[in-house]
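> This is the structure alone, sequence omitted:
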């Protein structure tokens, strides 16, 4: 069976860098940080003092107020981003096409805030005070479910939960749905709103987050003085569709999605496999799926969490995959600016990778000040770089040993 070509025709986002794709992109290439003081939970109670929070987001701009109250914050982000993406794609989901339009949106944690609020109600006032919407607000698939309900998309509706790889896996899974002919259009990406007391406590206990008190420099991927990731929140959504569908309706095409790789470490619940072995296999798989060679890749949007092991092992994985070309490859971690959006990270990074291809500009890794001998690639330090990007690879690596890689390339006839 011939694989159908799949293209990106619309994008929407709510990120710490902006409440839409345009502002997010402008701030990313300007090297601005979206990290600020931790305010969504009492900072004095935790070792973590900074976070990449969404500020000034009003769900009422996108969702009826009554309906918004039935959604956790992560679902609100997803619905808002999806509506922006559909508008960007100039796509109206009519009854004629609805059964061929699917939704696949991932979340690593889901409605953690909803869970905590209702558990407090349960402890203080008993089971009768738990919201009847508790379960449908909390479960991770509800971003995908509510986007389907809001937009009228009636095709496959699914959610991939693979920790910090959720967004990337979801886009890859949606890509394969179209490629094999089960849908013509997919609304896909990831959403997360994890800055809650229990989530912050858990990541602090795991010693995974930065304890820096300086919001401007706390997230410093590949830098020798990195000490953990900076937690963030947000969503990224892409409209992907078959080339035939896009051409038929005269859609603007940003780029083509051509490869997807997904592997498991079979190693440890939180630590990556030694030398990034699992990540390397995902990258190789994605490049092969794309029908490309390693030297065809111009840009790698790294997982680059700013944790000691991830950055070292991802660098080693890149060297294993690209060989000598690894040193010619532009590599950046946009988490230096957005923080780590967990299940939404890969989706926002996919958008930034697509924009890099379309605009010919590679976003930087900011806060890169102290070179690490173990991390010796070209991390596009501190300033964006004007460069043609023919093909870009985007990595996401999650707790549980989940590795996911996507390959995007310039669209040509």
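Cool, got the structure. The shown structure was predicted, so the numbers you read here are calculated from the model rather than taken from an experiment.

> Near the nearest residue to residue 61 once chain neighbours are set aside, how many other residues are there?
Leaving aside its chain neighbours, residue 61 sits nearest to residue 80 (7.4 Å; criterion: C-beta to C-beta, 6 or more residues apart in numbering). C-beta here means a position set from N, CA and C on the backbone, and glycine is covered the same way. Residues contacting residue 80 under the criterion other C-beta atoms under 10 Å number 27.

> following the helix or strand hosting residue 80, which helix or strand comes up?
With elements taken from DSSP states H and E, the one containing residue 80 is helix 73-89. For helix 73-89, the succeeding helix or strand toward the C-terminus, using DSSP H and E, is strand 101-106.

> Give me the buried positions along that following strand.
Judged by neighbour count using 16 or more other C-beta atoms under 10 Å, the buried positions of strand 101-106 are 101, 102, 103, 104, 105, 106.

> List the residues that contact the residue nearest to residue 61.
12, 14, 57, 59, 61, 62, 63, 235 (C-beta atoms under 8 Å, 6 or more residues apart in numbering).

> Reformat those residues as a markdown table; add pLDDT.
Below are these laid out as a markdown table (pLDDT from 0 to 100):
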| residue | pLDDT |
| --- | --- |
| 12 | 98 |
| 14 | 98 |
| 57 | 98 |
| 59 | 97 |
| 61 | 96 |
| 62 | 97 |
| 63 | 96 |
| 235 | 98 |
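
> ok, and the most crowded of those?
Neighbour-wise, those (other C-beta under 10 Å) top out at residue 235, 34 neighbours.

> what sits opposite that one in the beta ladder?
Counting by DSSP bridges, residue 235 is bridged to residue 14, residue 191.

> residues touching residue 257, list them.
Residue 257 sits in contact with 6, 7, 8, 171, 175, 240, 406, 407, 408, where contact means C-beta under 8 Å, 6+ apart.

> Can you give the strand pairings for the helix or strand encompassing residue 259, parallel or anti for each?
Assessed by DSSP H and E, residue 259 sits inside strand 255-264. For strand 255-264, the paired strands and their directions (DSSP bridges) are strand 6-14 (antiparallel), strand 402-409 (antiparallel).

> what's downstream of the longest one, the next helix or strand?
The reference is to strand 6-14. As assigned by DSSP H and E, the chain's next helix or strand after strand 6-14 is helix 21-29.

> where along the stretch 51-200 of the chain do the strands fall?
Assigned by DSSP state E, counting those that start in this stretch, the stretch 51-200 of the chain shows strands spanning 101-106, 157-158, 185-192.

> can you list the residues that contact the shortest one?
Contacts with strand 157-158, where a contact means C-beta under 8 Å, 6+ apart, come from 102, 103, 104, 141, 144, 145, 148, 170, 173.

> Quick one: mean pLDDT for that strand?
In this model, strand 157-158 carries a mean pLDDT of 98.

> and residue 49, what is it in contact with?
Residue 49 sits next to 37, 38, 43, 211, 212, 213 when contact means C-beta under 8 Å, 6+ apart.

> residues near the third one, how many?
Translated: residue 43. Around residue 43 there are 16 residues (other C-beta under 10 Å).

> domains of the protein?
6-248, 260-407 (automatic domain parsing).

> right, and out of the buried residues of strand 101-106, which lies closest to residue 253?
residue 101 (17.5 Å; C-beta to C-beta).

> That closest one pairs with what?
Beta-bridge pairing of residue 101 under DSSP bridges involves residue 185.

> Would you mind measuring from it to residue 242?
Distance, residue 101 to residue 242, using C-beta to C-beta, to the nearest Å: 11 Å.

> what do the two both touch?
Residues touching both residue 101 and residue 242 (C-beta under 8 Å, 6+ apart): 184, 185.

> Now do the helices in the stretch 101-250 of the chain.
Applying DSSP state H, counting those that start in this stretch to the stretch 101-250 of the chain gives helices spanning 112-125, 134-138, 142-151, 166-179, 197-205, 243-248.
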